[in-house]
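1. with the sequence up front, the predicted model follows.
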Amino acid sequence: MGERYKNTRTIIAIILVLAVLLGFGYDLYNIQIKNNEYYLAQSSAVKTYTVPIEAARGDIVDRNGNTLVTNRKGNSIVLDAAYFPSASENEQRNKIIESLIVLFNENDEEYVHNLPLKLNSSGKIVFFDESDDEKYELSIKNMKSKDMLNVQDYATAQNCYDAMVEKYGLENYDVQTALEIGSIRYELTRLLFSVSNPVTIADDVSDDTVAKIKENSEQYLGADVRVVAYRAYTDSSLAAHIIGTVRKINAEEYKQLKDSGYGINDQIGESGIEAACESELRGKAGEKTVTIDAQGNVSEAITKEPIQGNTIILTIDKDMQKIAQEKLAYICQNTSSAATGAVVVEDIHSGEILAAANYPTYDLEDYYNNYSSLAKDRRTPLYNRFALAAYAPGSTFKPLMSVAALEEGKITPSTKFTCHSVYAIGEMTFGCLDAHGSLDVQGALEKSCNVFYYNCAELMGIGIMNKYGKAFGLGQKTGVEIPEATGVMAGPEYRKKFDMTWNPGDTVQAAIGQSENLLTPLQLANYCAAIANNGTRYQVHFVKSRIVKSTGEVVDSDVSILEKTGVSTSTLEVVRGGMRRVGINLFDNEINNPLTKITTPVASKTGTSQVIVNGVKQNNGFIISFAPYDNPEISVASAITTAGSGTSTAEITAAVIDYYYNQNNQEEKAQTDESLLF
């Protein structure tokens with residue numbers, strides 16, 4: 001029995017050996033005889049890859065052609081897979097990367113670290129926390145994913161570190177060095193490193209670093225120096241919230257935009273005009289063809305030159321913007337430590353924004369280096385107050401009430417109401433700052449008499465009031481290119497959202513810009529512009545025109561009318577006359593009135609609204625103005641928190657109007673002869 005079993009095993013073994021030999025024999029015949037020509041061609045095949053060349057972003061200039069944002073040449077260090085050891089050669093890859101890290105550290109260069117792991121002060125591996133990375137949770141989730149370290153969702157930081165060490169062959173390195181090398185290896189994996197997709201590992205490096213890498217190409221095999229375009233600012237403190245920022249595209253954006261020609265290494269507009277005009281600014285990438293022959297020799301040739309993005313011409317005036325920022329900062333700094341504010345200047349005949357400033361603000365050059373501290377600053381300098389902050393407008397609402405009451409025939413220019421400083425509705429009593437006596441509508445605007453507008457509110461009702469508010473764009477977006485708040489028009493419709501009722505007392509409160517009325521400085525400037533220009537509401541915009549880089553053609557932005565209110569000229573003349581009286585008599589002593597110190601006649605309306613800050617009642621101050629009174633051209637709206645009253649903002653208004661009419665001598669056109677960096 002045993003002998004027969006042994007014979008059977010021998011026969012099976014012989015059959016298996018013969019089968020293997022026959023298989024090898026067939027493969028040999030197939031390669032050397034039957035398909036000899038095909039395999040010969042394959043062995044000497046030339047592999048060709050297409051590598052994108054990033055285009056410089058377009059410039060951003062002001063309305064007079066003054067450059068605000070351009071590009072400068074800088075050097076980045078990329079790893080090029082055509083020359084770098086293959087993925088299977090872990091040891092060689094790690095040695096080259098370690099050498100690069102030593103060089104970067106010696107020259108104090110920043111290099112990529114998107115791996116969300118670090119050593120804490122106790123020498124323990126931990127995840128990045130929220131203070132290290134704005135999107136730390138997503139970063140950790142991506143690191144654990146199947147395509148990256150392929151660990152379970154519940155894996156600890158140490159588990160992730162161990163998986164990284166195993167994946168990249170980092171067992172022979174100390175923990176800190178392994179983290180540094182692993183971070184670059186992780187970046188190569190994350191950004192799909194290949195011949196067609198070189199990966200940047202250090203941006204904007206020094207000339208010393210460039211020289212070392214070029215002089216020691218064998219030591220830094222696969223590391224290449226690329227001349228790239230970096231954003232440069234003529235004044236990085238100017239118009240930060242308008243211009244906005246750029247950054248590297250993230251994974252989610254890449255998935256959405258790759259079919260539109262974006263690469264995983266591309267830059268993208270993050271905020272402001274950089275984001276709003278992304279399609280215009282980004283330019284068209286060029287192409288480089290990389291050829292690798294059978295012997296591994298590499299050759300490169302540029303087959304398509306990149307084309308720089310279009311130039312964006314903004315509506316803002318650089319010098320007016322600077323004056324607005326400086327005056328706003330001065331007033332806020334001399335008001336209180338908690339004061340913040342915004343100012344907007346608009347061309348009333350087009351909706352063009354000539355200046356829009358915030359306090360506090362930030363510096364575009366320092367944005368990424370100081371992002372963490374900026375984000376934590378209690379005064380929120382990254383917050384765009386002129387577009388996103390909605391305030392109770394106080395008495396700046398009264399010109400609208402005057403328009404509505406006159407136009408609806410509820411009052412005439414000569415109608416008078418008597419103010420005894422209090423006004424009763426049922427059992428409720430509402431106050432005024434003074435007993436103004438008998439006033440008509442212009443006198444009520446000048447004295448900012450609450451009682452006059454309480455009477456108007458009872459005659460009209462909230463429906464009529466809000467009809468005119470809507471016509472003048474209040475509680476609605478202005479249409480500006482960058483993100484903005486909608487604001488709120490107080491009334492029953494708004495209250496319904498919260499299952500709250502609307503009472504008669506709420507209507508009189510709304511009439512003086514209180515209740516739930518919340519308006520942005522952009523809306524206030526646009527509403528004032530419509531009063532000044534005889535009732536036309538334009539779409540607010542920051543982009544005046546574009547210069548198409550490929551043709552040099554200047555394409556103007558459309559001036560869009562959002563609404564013609566239909567309010568009669570006679571009504572608006574009465575209201576403008578009342579606002580002129582405010583401009584003249586803003587202060588009891590004319591010597592102290594900034595609006596009468598300038599030569600241009602100004603019409604205005606101030607406003608004050610009460611807020612509670614840390615349990616203490618404070619007053620926010622507002623002013624809306626237009627100039628010149630007899631032939632209006634621009635409107636100005638300012639808001640300062642904890643200002644005490646709207647009169648404190650008049651100095652800002654006076655400064656920008658004085659600049660516009662007495663100091664503005666620039667009337668140049670934007671230049672079209674820009675030069676590419678490539």
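-> Ah, there it is.

2. hey, which helix or strand in this structure has the poorest pLDDT?
-> helix 36-43 (a mean of 47; mean pLDDT, DSSP states H and E).

3. next structured bit after that one?
-> Scanning forward in sequence from helix 36-43 by DSSP states H and E, the next helix or strand is strand 47-53.

4. any stretches of the stretch 451-600 of the chain with poor pLDDT?
-> Low-confidence segments of the stretch 451-600 of the chain, defined by pLDDT under 70: 588-591.

5. do a quick rundown of the helices in it.
-> Using DSSP state H, counting those that start in this stretch, the helices of the stretch 451-600 of the chain run over 462-471, 492-496, 504-511, 521-532, 569-584, 594-597.

6. which of those is buried the deepest?
-> Greatest average neighbour count among the helices of the stretch 451-600 of the chain goes to helix 521-532 (a mean of 29), per mean count of other C-beta atoms under 10 Å. All C-beta atoms are positioned from the backbone trio N, CA, C, and that covers glycine.

7. now do that helix: which elements does it pack against?
-> strand 341-347, strand 353-359, helix 385-388, helix 398-407, strand 536-538, helix 569-584, strand 616-627, strand 634-640 (3 or more C-beta pairs under 8 Å, 6 or more residues apart in numbering; DSSP states H and E).

8. quick one: that helix to strand 616-627, angle?
-> Taking axes from the mean of the first three to the mean of the last three C-alpha atoms, to 10 degrees, helix 521-532 and strand 616-627 form an angle of 40 degrees between their directions.

9. in this structure E91 contacts Y168, no?
-> No: using C-beta atoms under 8 Å as the test, E91 is too far from Y168 to be in contact (10.2 Å).

10. settle it for me: which of the two has more neighbours?
-> Set E91 next to Y168 and count neighbours by other C-beta atoms under 10 Å: Y168 wins out with 23 against 10.

11. contact partners for that one?
-> When contacts are counted by C-beta atoms under 8 Å, 6 or more residues apart in numbering, Y168 touches 90, 93-94, 181-182, 185-186.

12. in helices, which of those residues appear?
-> 90, 93-94, 181-182, 185-186 (DSSP state H).

13. can I get those residues in a markdown table with pLDDT?
-> As requested, the ones in helices among the contacts of Y168 are exported to a markdown table (pLDDT from 0 to 100):
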| residue | pLDDT |
| --- | --- |
| N90 | 91 |
| R93 | 96 |
| N94 | 96 |
| I181 | 97 |
| G182 | 96 |
| R185 | 96 |
| Y186 | 96 |
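
14. what's the closest of those to P504?
-> Closest approach to P504 among those (C-beta to C-beta): Y186, at 65.3 Å.

15. pipe the contacts of Y168 into TSV and attach distance to D347 and neighbour count per row.
-> TSV is the format used below for the contacts of Y168 (distance: C-beta to C-beta, whole Å; neighbours: other C-beta atoms under 10 Å):
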residue	distance to D347	neighbour count
N90	63	16
R93	59	23
N94	60	22
I181	57	24
G182	55	23
R185	55	23
Y186	51	23
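
16. with adjacent residues omitted, what lies nearest to L221?
-> In space, L221 comes closest to I96 once its chain neighbours are excluded; the distance is 5.7 Å by C-beta to C-beta, 6 or more residues apart in numbering.

17. from P381, how far out is the one you found?
-> 42 Å (C-beta to C-beta, to the nearest Å).

18. which residue ranges form the helices in the stretch 201-350 of the chain?
-> Counting by DSSP H, counting those that start in this stretch, the helices of the stretch 201-350 of the chain are 207-215, 240-243, 251-257, 272-276, 278-281, 318-333.

19. out of the ones you listed, flag the one nearest D363.
-> D363 lies closest, by C-beta to C-beta, to one member of those: helix 240-243, at 6.9 Å.

20. with adjacent residues omitted, what lies nearest to the residue nearest the centre of the chain?
-> Among the residues of the chain, the one closest to the centroid is S271, at 1.5 Å (C-alpha atoms, centre = their mean). Distance criterion C-beta to C-beta, 6+ apart; nearest residue to S271, sequence neighbours excluded, is G244 at 3.8 Å.

21. I96 contacts G222, correct?
-> Yes: if you go by C-beta under 8 Å, I96 and G222 touch, sitting 6.4 Å apart.

22. touching both of those two, which residues are there?
-> With C-beta under 8 Å, 6+ apart as the test, I96 and G222 both reach 84-85.

23. more neighbours: these two, which one.
-> I96 (22 against 19).

24. ok, that one - contacts?
-> 84-85, 219-223 are the contacts of I96 under C-beta under 8 Å, 6+ apart.

25. quick one: contacts for Q442?
-> 413, 574, 577-578, 581 are the contacts of Q442 under C-beta under 8 Å, 6+ apart.

26. meant to ask about T606
-> 394-396, 448, 582, 586, 621-623, 645-647, 649-650 are the contacts of T606 under C-beta under 8 Å, 6+ apart.

27. could you do G443 as well?
-> Counted by C-beta under 8 Å, 6+ apart, G443 has contacts 436, 449, 578, 581.

28. swap in 6 Å and give it another go.
-> For G443, no residue counts as a contact, taking C-beta atoms under 6 Å, 6 or more residues apart in numbering as the criterion.

29. same question for A485.
-> 388, 390, 520 are the contacts of A485 under C-beta under 6 Å, 6+ apart.

30. burial count for the last one?
-> For T520, the neighbour count with other C-beta under 10 Å is 30.

31. right, and it touches A390 too?
-> Yes: with contact defined as C-beta atoms under 6 Å, T520 and A390 form a contacting pair (5.3 Å).

32. looking at this, I657 is in a helix?
-> Yes: counting by DSSP: H, G, I helix; E, B strand; the rest coil, I657 is located in a helix.
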